[in-house]
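**Student:** I need the structure of the sequence given here:
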Amino acid sequence: MTGRTDAAIEADRRRVQRAALRAGLWVGLASAAVVAILTTVTVAGLFATSREEPRLPGGEFEEHSERGGRVIDLDDAIPLSILLGVIGVVVLAVIGWYVARRAAQPLAEALEVQRTFVADASHELRTPLTTLSSRVQLAQHRAERGGDVAAVLADLRKDTEAMDAVLSDLLLSAESAGARVGVGAVRTDVGPAIQDALSLLAPRAEERGVTLAAEVADGLAVAADRVAVIRALSALIDNALKYAPAGSAVDVRATGTGAAVEIRVADSGPGITGIDPDRIFDRFARADAGAVQSGGHGLGLALVRDIAGRFGGSIALESTSPAGSTFLLTLPAAR
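**Tutor:** Predicted coordinates for the structure are as follows:
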């Protein structure tokens, strides 16, 4: 295992230990409080149901009787004690349930991270696998006709490297559990990243008869990891391709605004309907089947939001109408 993985495991172990310590303290303090309250209520109840000891006139018991003792009626005391005991058991059971739920929270979060990783990995690998399949078919077609396959093999190698990079970035995201990376820690040139994302989606765009175009201002760079930026761009372009009709274009434009870089991905699809715009970035949220072939699972835009958040950026639906939709990805500019 890598040092990063060991650190993540050690962090998880500390979280579990802290959760167990908190659970123990909760149970101990809650039990002490319940016992103290029940004891006080029991004593007060017994005193309230007791009666003064009758005084005997004269004789050897007169001095003793004048001390004003109280008599507890067992017929009243026993039901009261049983009732308070049952209440105490119920209260402690509720406290135990609540504390156990709190103690199991780190496990629930770990399971959620695991499920998220599996879902994200299956979604993220689908695009490069589709590209690989298309290039393999092209290589077979050229080889059968005695054509040159060197260029296709070079593209296949780039695609496999892209898959390896995507898996590494997914593992990093899972290990860091979405922790934000410090702005300025990494740097990525926007132009080459957009070209790599377009190259990855080019076979699919060709199949759908959609043109991919890019317009990037000179010298733009963002404070974000290159692989993560390409993943986010690929997801946005892939989403646009789902909705873009044949013969249309998907446009990617990048501009600088001083402290940030704005990247817009626009399509000419039917627009987003059937869902609140604020929810389209939630996992498994899907709009109406306005796309020609959506085939998605509502993960792509959620992944873009997660990636943008890791580097202090944001993603928003800038506009949508029957003439198309435009998504705005904002990332901090590299210093």
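
**Student:** switch to C-alpha atoms for all contacts and neighbour counts from now on
**Tutor:** Will do.

**Student:** Contact partners for Ser234?
**Tutor:** Residues near Ser234 by C-alpha atoms under 8 Å, 6 or more residues apart in numbering: Ala197, Leu198, Leu200, Leu201.

**Student:** And for Gly256?
**Tutor:** Gly256 neighbours (C-alpha under 8 Å, 6+ apart): Ala217, Leu220, Glu262, Ala333.

**Student:** re earlier: top of the contacts of Ser234 by neighbour count?
**Tutor:** Ranked by the number of neighbours (other C-alpha atoms under 10 Å), these place Leu200 first, at 24 neighbours.

**Student:** my guess is that residue contacts Leu132, does it?
**Tutor:** No - Leu200 lies out of contact with Leu132 (C-alpha atoms under 8 Å); the separation is 9.3 Å.

**Student:** which neighbours do the two share?
**Tutor:** Common contacts of Leu200 and Leu132 (C-alpha under 8 Å, 6+ apart): Asp159.

**Student:** one step back: from the contacts of Gly256, which single one is nearest Ala30?
**Tutor:** The closest of these to Ala30 turns out to be Ala333 (C-alpha to C-alpha; 51.1 Å).

**Student:** For that closest one, grab the count of nearby residues.
**Tutor:** The burial count for Ala333: 24, using other C-alpha under 10 Å.

**Student:** start the count at 53, not 1, going forward
**Tutor:** Shifting the count to begin at 53 puts that one at Ala385.

**Student:** So what sits opposite it in the bridge?
**Tutor:** Beta bridges link Ala385 to Val274 when assigned by DSSP bridges.

**Student:** And for Thr263?
**Tutor:** Ala301.

**Student:** Please apply the same query to Ala318.
**Tutor:** Ala318 has these beta-bridge partners by DSSP bridges: Asp303, Thr378.

**Student:** domains in the chain, as residue ranges please.
**Tutor:** Annotated domains of the chain cover 55-155, 235-384 [automatic domain parsing].

**Student:** quick one: the helices in the protein?
**Tutor:** 55-101, 114-117, 126-155, 157-196, 202-228, 242-260, 278-295, 352-362 (DSSP state H).

**Student:** on that earlier part again, quick one: which of the contacts of Gly308 is nearest Glu104?
**Tutor:** Among the contacts of Gly308, and counting by C-alpha to C-alpha, the member closest to Glu104 is Ala385, at 84.2 Å.

**Student:** need the helix or strand of the chain with the lowest average pLDDT.
**Tutor:** Least confident element among the helices and strands of the chain, by mean pLDDT, DSSP states H and E: helix 114-117 (a mean of 49).

**Student:** where does the stretch 153-302 of the chain have low pLDDT?
**Tutor:** Counting by pLDDT under 70, the stretch 153-302 of the chain contains low-confidence residues at 158, 161-176, 179, 218, 220-237.

**Student:** Mind doing that once more with 80?
**Tutor:** Within the stretch 153-302 of the chain, the segments meeting pLDDT under 80 span 153-184, 186-187, 204, 207, 209-237.

**Student:** That'll do, ta.
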